[in-house]
Structures are given as C-alpha cells and as structure tokens.
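**Q** Fold the following.
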Amino acid sequence: MRYFHTMPKLYFGQTGHADLPLHYGHVPLWLAQRMSLLGGAIIESILLDYGKAEVLKRLSDPFWFQALGCVMGMDWHSSGITTSVMGALKKAINPKSKELGIYICGGKGKYSRQTPSELLDIASKTGLNGDELVRYSKLSAKVDNTAIQDGFQLYLHSFILSDTGEWAVVQQGMNDGVGMARRYHWHSEQMKSFLETPHTYIYGKNQGTILNLTDPLAADAKSNILQLIKEEPNSLMPEIKKIIMPSHHDVRAENVNLKRLGSMLALAHQKELRDFESLLLLEGLGPRTIQSLCLVSEVIHGAPSRFSDPARFSFAHGGKDGHPFPVPVNTYDETISTLRESLEKAKVGHSEKQLAIKNLSKVSEMMESNFTPNADFDKVIEKERNESYKYGGRTVFGKAKPPKKIITNNQLDLFS
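**A** Take a look at the predicted model:
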C-alpha cells in the first residue's frame, strides 16, 4: 500500500489538487436552459475544429472543466459545477449524438445507475462492444469508491464516449463530514491500467489517512482487491503541492491572473484595440458581448496552459450566486446566438465568423506581452455589478437593480 497522490501526467504539466466546497440546491431554470445551449455550442465548436478525441481530452482536464463551468455561469469554485455542467452537456449533446459522434451516459444519483443500459443501447446503434464499455464504467467507479478509500462516496458518474470507442469518465464523491467534494477524471487514451495510476487527475483536498491501491508500488495488494477493500486504511497522506479552491464565494484578485484578465478587458472595451481586420465580422456586438466571447473563444481554442486560473472565466457570464457579479442574461443570449450562427455558417462552408471568434482569444493573448495591469480589481467587479441591470443581470436571489453609485470607465485602471 502506498500514499495517495495526484497523477503527475496532467497534460499541461501541472500537478496538485483543489478544494471543491459542497454546494446544495438547484440551478434555476433560466440558467440551466442557457447552460445547455452554450455548453452544446462550445462542444460542437471543438468538434468542428479539433475532432472528437479533443473533446474527450479536454473533459479529462480538471482546469479546463472548471473554466467551462465558470464561462457557463456556475459558481466558480463549487462542487455544483460538476453536476450542472455534465447535466447541461448531456441534454445538449445526446439529441445530436448520431450526427456528432459523442454520447454522454450516467449522471447524478439514480442516473448514474442507468449508465450500463445506456451504454448497451449506444453499442447496439454503433457496433461498439457494449459489454466492454459497461465493464470500463463499473471498473472506474469501483476503483474510485473502493481501491481508493479516501473518505469520499461517489454520487455522480458520467461516462462520455465517441463512436470510435474512446471514452472519458468524470465522477465525483462527497464527504459530508468536511463539507468537501472530490472529482475524479479519466481518459482511455491516457490510461494504461485500471489499477495503476489510471486517472488524468484527482481533484480534491488532502484529507489525511487513506488507502490507495492504484499506486504503482501496490502491486501485491492489487492482486486481490475485493479482499483488500475490507482492510483499514493505514497510510498517512504526505503534504504535496496544493492548488486550493478557497471556501470564500467571492472572486478575489489572488484567484485570477490579472495580466490575462486585463488584456481581455482591454480588447473588449477599448474600441481602438478592436480594429483588427479579422474581427470586423463581429462589429455590431457591444463591448460586453465581446468580453464574453473572448472567454468563450479561449475555452474552445485556448492552449491547455491557459486554464490555470479558472476563476477568470467567471468574467464571461458571472455566477448564479452573484459572484463575481450577476449573470448578464441578455449578454449570455447574444453570446449563444453569435456562437450558434457561426457554427451553422461554418457547416455550409462559410467560416469567416467562426474564424473571427477564434481570433478573439489569439489577439487577447498577444496583447498580454505588453500589458501591465494595475491594482483596481475590485473596481472592475463593482462596475460589472453596477451595470448588471443593463444586461438583464440575474441571480438565484432575483433580478439586478440599478446601483446608487456609478463606476465609470475612466476609473478602471486595471485595463487602461
């Protein structure tokens, strides 16, 4: 038996783990519907430009996954991102699975138990080996519930596969005693064995004493896992490098790469910086929608290293709890409409608008090299909150109202 550790082959070269505070409650219908539309459009965009294998690879990257949840308007650091994102994607993708070649099975609670029957049904339509897929699904859950005894009980199991047989797993466990969740990511193309460091990443906080039978040096113990799961954990987890999701709900400057955020805001809000030939097709969209599209563009086209600060992506569409600001519903709808229009045109050979959206993230990244942010991060958030009512701002508590105090652009030194 060996100590628990995070898988060191996370493909953008970063190891560690992160807290996911447990959040309860439901996503309001007005947001759930939009999450499904935007999430579906993002996945379709990745499919169109990079293929099915890239979709599965990204879903196995926890920082990209967290950024996706943020750009869709979920609470930026909570366990609820996992449930809501996978639910939204399943609703958006499965009706088009035959066309897209991607299928999403399982889900939270009772839906996780439907995974085997869903996989067998998909196998009958695609010619894949259904029994094998069911075995993979059950093994991944068994490993994370029993081969790794870490105090977290699985309650969500999502199995994503392509019509070529490649698959990914996103599943999550909870520990009510400490009020935390732990997320487990798998990818068939990066896995050599179910019982030897099979994960691309385990996303969770150090909880102390555990039993880990997937460590490479636990070969003897792994020979009879069904007996070993009855043993008491007796290995002390060492301190390892931590990337901690804090318990505070608000987004703070230390949670965000200000250089990246500032250059994106400059691109979106300073007209002279948007006079690029490649962006002319996006003229007519307001600065607020350009801001959202910049971050959506990065989720679709950004390099893996760009997702080390997922909280930054909450500046696309805020959060349902009001952090960093209320969800700008009108902007959200315009983002979805623009992205869907670009997709439909690209499918019939007119990819100019799709290219323009792709270039937003490229231009923002280029600007970073000469950009120096100042310290007025809180004023940026205050301005977003003050102007939220203009864009149909909304939270689980109700609609945003006009503020008593107005923050103007010339006060925002962060992107000046």
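**Q** Show the contacting residues for the closest residue to T395 other than its chain neighbours.
**A** Once flanking residues are discounted, T395 sits nearest to G322: 4.3 Å by C-beta to C-beta, 6 or more residues apart in numbering. (C-beta placed from N, C-alpha, C; glycine too.) Residues counted as contacts of G322 (C-beta atoms under 8 Å, 6 or more residues apart in numbering) are R385, T395, F397.
**Q** Among those residues, which ones are in strands?
**A** Among the contacts of G322, DSSP state E puts T395 in strands.
**Q** Just the buried ones from the contacts of G322, in PyMOL syntax?
**A** Buried residues among the contacts of G322 (16 or more other C-beta atoms under 10 Å), as a PyMOL selection:
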select buried, resi 385+395
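**Q** Out of the contacts of G322, flag the one nearest to L133.
**A** Top of the list for closeness to L133, among these and by C-beta to C-beta, is T395 at 40.0 Å.
**Q** quick one: that closest one from V329, how far?
**A** Relative to V329, T395 is positioned 10 Å away (C-beta to C-beta, to the nearest Å).
**Q** Repeat that for S84.
**A** Counting by C-beta to C-beta - S84 and V329 are separated by 17 Å.
**Q** so the most centrally placed residue in the chain is in which element?
**A** With distances taken as C-alpha atoms, centre = their mean, F65 lies nearest the centre of the chain, 2.1 Å away. Counting by DSSP states H and E, the element that carries F65 is helix 62-71.
**Q** Identify all contacting residues around that helix.
**A** With C-beta under 8 Å, 6+ apart as the criterion, helix 62-71 contacts 10, 12, 14, 18, 38-39, 42, 58-59, 76, 81-82, 84-85, 170, 183, 185, 201, 203, 292, 295-296, 298-299, 304, 307-308, 310-314, 316-317, 319.
**Q** Let me know how buried the nearest residue to C70 once chain neighbours are set aside is, in neighbour terms.
**A** Using C-beta to C-beta, 6+ apart and skipping the chain neighbours, the partner closest in space to C70 is F313 (3.7 Å). Applying other C-beta atoms under 10 Å, we find 26 residues neighbouring F313.
**Q** that older thread, which ChimeraX command selects the buried ones in the contacts of helix 62-71?
**A** Filtering the contacts of helix 62-71 down to the buried ones (16+ other C-beta under 10 Å) takes a single ChimeraX command:
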select :10,14,18,38,39,42,58,59,76,81,82,84,85,170,183,185,201,203,292,295,296,298,299,304,307,310,311,312,313,314,316,317,319
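**Q** Would you agree V85 is in contact with L38?
**A** No. Counting by C-beta atoms under 8 Å, V85 sits too far from L38 to count as a contact (10.7 Å).
**Q** for N370, helix, strand, or coil?
**A** At N370 the chain is in coil, as set by DSSP: H, G, I helix; E, B strand; the rest coil.
**Q** Next, the buried residues of the host helix or strand of V380.
**A** Assigned by DSSP H and E, V380 belongs to helix 377-387. The neighbour-count check on helix 377-387 (16+ other C-beta under 10 Å) flags F377, K379, V380, I381, E382, K383, E384, R385, N386, E387 as buried.
**Q** want to try a markdown table for those, with distance to G101 as columns?
**A** As requested, those are exported to a markdown table (distance: C-beta to C-beta, whole Å):
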| residue | distance to G101 |
| --- | --- |
| F377 | 42 |
| K379 | 46 |
| V380 | 41 |
| I381 | 40 |
| E382 | 45 |
| K383 | 43 |
| E384 | 38 |
| R385 | 42 |
| N386 | 45 |
| E387 | 41 |
